[in-house]
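Chemist: All I have is the shape, not the residue letters:
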């Protein structure tokens, strides 16, 4: 299918699309502050309606609205995830321009939310518009689900997955995390790690005591340290009994993808100011660990007194927060059960284990409809072939969104950002060329989804024919 | 020597002494707030002058003044320690009366500082007055050294021990920590543990990172936990290489004293709300551990994020504060050297060890002049015999004050408080009878110090005679 007319439409309207994005970026929607959220949600709904979507807005409890918009129709349906909230701006003095001015400098649009991820939302809607204007009605059904609580851990979206599961059942899901790496390769992820966020608590005396009692009153800080020391080895290996046996082997196709992934080790080490990686890893092993390694991270410990001033106390309580990043086939339930048992048999029954939050992993095959559409389309738009991450080491509500059916809805994730987009830092920005290219790319993704859907239907037809013949 | 006239004087002036104390308690002198400190120091100086002391006030740097007052003369000289600053009042709503109203209720004086330790200072000065009025000039020299920074870790006093060591060289030192226990026994301590307060620091990335990096970026919290886990065993035993070999054996006389010490285990367990003691200890072993056990207490750990809200970070730094309570013959220098070596040989060279503060222990023999005077005098005033603690498990500047000579000045500590005095809590109070009894007791301590000084001089004379004879 020739995209000449489509691309011409996009180029002709590129400025208008950017202006649409600028207008959206000028509406601050920091979820953590919570002001102006409803106005931005309404604007998102109008943007969808303008492109012809049937829309609905869901308000769950006291959360920020989830905007739902449906385009096209067909045998196949795909969920397109987005969020209209943005990260806090952080230190204003570190911004070169106002975070909500949406200024264009050197062909880049600077704004909080431009990269993460109002730019993706506007680009995708623009692609739908261009597709409809040049090819007509979408041959597949696209369901945009746009939440406003990405920065808050998506409580409404989790509730939505439970209360409106039927609206998320689909043939595939397209997420909005992604960027071009330092070598200008589009990064496509086939999923995200899950997470199990737990708190360990040790209790001692009813309050902090004078530390002269240190020799005879049990110290919960020592208990916690001793318990934690059994969970991960000094080499950084998770040593919870039975943990490794729940980690699925890496599929051959994913091992193939892994071979192409090279971390910018020197650049990252400079950025983080670290001398080396865990266990002195490097190269293939390092990338494999980042992508397919389950993690157990101490995210925080607090006990006793550590503020200014010498205060020698024997703490009354000690708390540690751990997060486990979950790879197939780990679940939060499994992790907590194993951890509890591990501590119990080591005489740490007194250490409380509390689940604070969790999210399942999402993992697609490279042969899934969405993965094939995304990778095929990339070849047609981007100079370098896309770099496929079999799993993104980050986590989010994606596993819950895709978990509405069994087997889960396959997911793929990409975006219009680049390596210098600073999505969580000052001077968040996107390159305008990436934005326009993203519109063209998404148009081709729609096309490939439709193509694969057609093949799929043909196959199903064949199967039905076989079945019919069998009846004779 | 009959104390009839002395006691009559004390009884006749008991109300006046209490009023003197009330006036002092009505002057707030919370060192942590720092207001009114100079006025209280001046009042203390006037109280001393009124009893006939030659006084001097030392202002070291920006610290609160140290008031010095000397009484009497003789071959023997004793330092009497006191402090005019008081603890913060804490939660006002928990006080039954105003903390600076110095109200008398049920024959108890309620005031912040009444127990800790304006009451001791006023009682001791009252005893000097009564002694002078009834027996004449003191036959020994008493040097009152009264600081205003007990609540701040006594920085000026430490400096004083270095810059004015000659003023502290003495035949004994009398400290002001002490009380009657729940069985109404006067507690006399023959010293205090030292302290080594250190910070351990582990460093990772330059800042907290997204915890998706948990599998490959070194986590300083894990490093710290692993390092700490080698320092104290799960049973609560200090496992630093070579540590135990520096702990002196307990002297036979101290073992004798230990036999009489019984902790109110049930009462303390109720107070602390704990189910048991470290290693399930009880009875003699528990008391011995409290008094003669060196300690290593985690006083605080801080790393990453532990406040409200789920924030999954990989910390950039992890900090732990430990305090070691030092028994003979441990020093802060030894502890830090051993700890450093212990960590180094276990591949924890990256963990920084920083000394935040330290104080040497102070330990007297029960046969020292001050110990004999204090125990002999107690028999004459208190119903039950005094309970001798060979070492107080707390620490302070006492080791530095006594360390101005070699061997150190022997120290003894006692006070006019009782088990319900709440010296660091709301409703701090003393019983008026204890106060008056304390005045009578201190008069007898002066007497016994003079007696022992006289015997001492006689012995010295004999030795000189022997030497003279030897010359023939």
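Modeler: Sure thing, it's come through. Treat the numbers as computed from the prediction; the structure is a model and nothing was measured. Residues are numbered from 1 along each chain as shown, chains lettered A, B, ... in the order given.
Chemist: list the contacts for the residue of the stretch 301-450 of chain A found nearest chain B?
Modeler: As assessed by Cβ to the nearest Cβ, chain B sits closest to residue A:304 within the stretch 301-450 of chain A, at 3.4 Å. Quick note: C-beta positions are derived from backbone N, CA and C, even for glycine. Under the criterion of Cβ atoms under 8 Å, 6 or more residues apart in numbering or on different chains, the neighbours of residue A:304 are A:208, A:221, A:313-315, A:318, B:298-301, B:321.
Chemist: Let's see if you can find the most crowded of those residues.
Modeler: residue A:221 (31 neighbours; other Cβ atoms under 10 Å in any protein chain shown).
Chemist: Report the separation between that residue and residue B:236.
Modeler: 12 Å (Cβ to Cβ, to the nearest Å).
Chemist: swap in residue A:296?
Modeler: 26 Å.
Chemist: ditto for residue A:285
Modeler: 39 Å.
Chemist: If you count surrounding residues, which of those two has more?
Modeler: residue B:236 (23 against 14).
Chemist: nearest spatial neighbour of that one, skipping sequence neighbours?
Modeler: Spatial nearest neighbour of residue B:236, chain neighbours left out: residue B:278 (4.4 Å); criterion: Cβ to Cβ, 6 or more residues apart in numbering or on different chains.
Chemist: is it true that residue A:236 touches residue A:277?
Modeler: No - the criterion here is Cβ atoms under 8 Å, and residue A:236 misses it with residue A:277 at 9.5 Å.
Chemist: anything in contact with each of these two?
Modeler: With Cβ under 8 Å, 6+ apart, residue A:236 and residue A:277 have common neighbours residue B:218.
Chemist: and the contacts of residue A:304, which of them are in strands?
Modeler: A:313-314, A:318, B:298-301, B:321 (DSSP state E).
Chemist: so residue A:313 touches residue A:303, yeah?
Modeler: No - contact between residue A:313 and residue A:303 fails when scored by Cβ under 8 Å: they sit 9.5 Å apart.
Chemist: Next, count neighbours for residue A:218.
Modeler: Around residue A:218 there are 21 residues (other Cβ under 10 Å).
Chemist: Give me the phi and psi angles of the nearest residue to it once chain neighbours are set aside.
Modeler: The spatially closest residue to residue A:218, leaving aside those adjacent along the chain, is residue A:204, at 5.3 Å (Cβ to Cβ, 6+ apart). The phi/psi pair for residue A:204 (degrees, to the nearest 10) reads phi -130, psi -130.
Chemist: So which other helices or strands are in contact with the helix ranked longest in chain A?
Modeler: Ranked by residue count under DSSP state H, the longest helix found in chain A is helix A:432-471. In terms of contacts (3 or more Cβ pairs under 8 Å, 6 or more residues apart in numbering or on different chains; DSSP states H and E), helix A:432-471 is packed against helix A:4-25, strand A:108-110, helix A:119-135, helix A:369-381.
Chemist: Kindly give the local confidence score, pLDDT, for the residue nearest to residue A:218.
Modeler: As predicted, residue A:204 sits at a pLDDT of 97.
Chemist: before we move on, what about the one 10 residues further on?
Modeler: pLDDT for residue A:214: 97.
Chemist: Same question for residue A:456.
Modeler: 84.
Chemist: got the contact list for it?
Modeler: A:75-76, A:369.
Chemist: Show me just the buried residues among the residues you listed.
Modeler: A:76, A:369 (16 or more other Cβ atoms under 10 Å in any protein chain shown).
Chemist: In the contacts of residue A:456, which has the lowest confidence score?
Modeler: Out of the contacts of residue A:456, that is residue A:75, at 92.
Chemist: what residues are up against that residue?
Modeler: A:453, A:456-457.
Chemist: Below-threshold pLDDT in chain A: ranges please.
Modeler: Low-confidence segments of chain A (pLDDT under 70): A:1, A:464-472.
Chemist: Domain map for it?
Modeler: Dividing chain A into domains by automatic domain parsing, as the record does, gives the ranges A:4-192+A:363-458, A:194-247+A:293-359.
Chemist: Of those, which is nearest residue B:94?
Modeler: Smallest distance to residue B:94 across the domains of chain A (Cβ to Cβ): 13.3 Å, for domain A:194-247+A:293-359.
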